[in-house]
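**Student:** predicted model and sequence below, questions to follow.
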Amino acid sequence: DMKSQLLKMQEMQSHFEKAKLELADKDRHLSNYRDELTKVTGQYDQTTAKYTSVEQKLKQVSEELKCQRHNADSCRRGLEQKLKDQEKEHQKELSHQQNSQHALDQQFNQMKTKLGQEVQLAKKEYNVLQSEIDKVKAQKHSLEKDMEELKQKLSRTDQILQASQTKENDARKGFEEMQKEKSRLSCQLEQ
C-alpha cells in the first residue's frame, strides 16, 4: 500500500512539472505576439512620419504658389501650371500614403484585437493550469500526510513487536530456569 502511495505521489509530481512546462510555453507565445505588435507599431510610426513629411511639403508648395502669383501674368500662368502639377502629384502621393496608413491602421487594429484575444486565452489557460497545480499540490500534501501517518503506525508496530519479543525472551528464560530447577530437584529426590 505504501508503494502504491509513493507511485501516486510521483505521478502527481510529474503532472505538476508538465503543467509548469506548458505554462512556460504559453509565456513564450505571449512574448512572440508582443514582439509582432512592436514591429507593426514601428511600421505605423514610420508611415505617420512620412505622411507628416508629405503634408509639410504640400504646405511648402502652397506657399510657393502664393509667392509666384505676384510675378508677371505670362510667367505666373506657366509657374501656376507647374506648381499645380506638382501639387497634384503630391496630392496623389499624399492620397497613396493615406491609403497605406489606413491599411496599416486596420492591420494594427486587427493585430491588437488578435493579441488581446490571445492574452485573454493565455490568462484562461494559465488559470486552468494554476488550478491544476493547486490540486496537485493539495494531493501531494495529502499523500505526504498519509505517508507520515503510515510511518508512525509502522514505528508503533515495531515498538509493539520489540516489546513482544522482549516478553517472549523473558518467558523463555523463565521456562529454562524452571527446567533447571526441576532437574535439580529431581536429582535431589533420587539421592
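**Tutor:** Perfect, thanks for sending it.
**Student:** only C-alpha atoms from now on, for both contacts and neighbour counts.
**Tutor:** Noted.
**Student:** what's next to stretch 107-122, contact-wise?
**Tutor:** Residues from elsewhere that reach stretch 107-122 (Cα atoms under 8 Å, 6 or more residues apart in numbering): 26, 30, 33-34, 37, 40-41, 44.
**Student:** pull out the buried positions in that stretch.
**Tutor:** Buried residues in stretch 107-122, defined by neighbour count with 16 or more other Cα atoms under 10 Å: 108, 111-112, 115, 118-119, 122.
**Student:** which of those residues fall within helices?
**Tutor:** 108, 111-112, 115, 118-119, 122 (DSSP state H).
**Student:** with pLDDT as extra columns, can I get the buried residues of stretch 107-122 in TSV?
**Tutor:** As requested, the buried residues of stretch 107-122 are exported to TSV (pLDDT from 0 to 100):
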residue	pLDDT
108	90
111	92
112	93
115	89
118	90
119	89
122	88
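**Student:** out of those residues, who's nearest residue 13?
**Tutor:** Nearest to residue 13 among the buried residues of stretch 107-122: residue 122, at 23.2 Å, using Cα to Cα.
**Student:** ok now the strand or helix carrying residue 75, how far from the chain's centre?
**Tutor:** Per DSSP states H and E, residue 75 falls inside helix 73-190. Distance, stretch centre to chain centre, for helix 73-190: 10 Å (Cα atoms, centre = their mean, to the nearest Å).
**Student:** just checking, what packs against the helix or strand of the chain with the lowest mean pLDDT?
**Tutor:** Taking mean pLDDT, DSSP states H and E as the measure, the chain has helix 2-68 as its least confident helix or strand, at a mean of 80. In terms of contacts (3 or more Cα pairs under 8 Å, 6 or more residues apart in numbering; DSSP states H and E), helix 2-68 is packed against helix 73-190.
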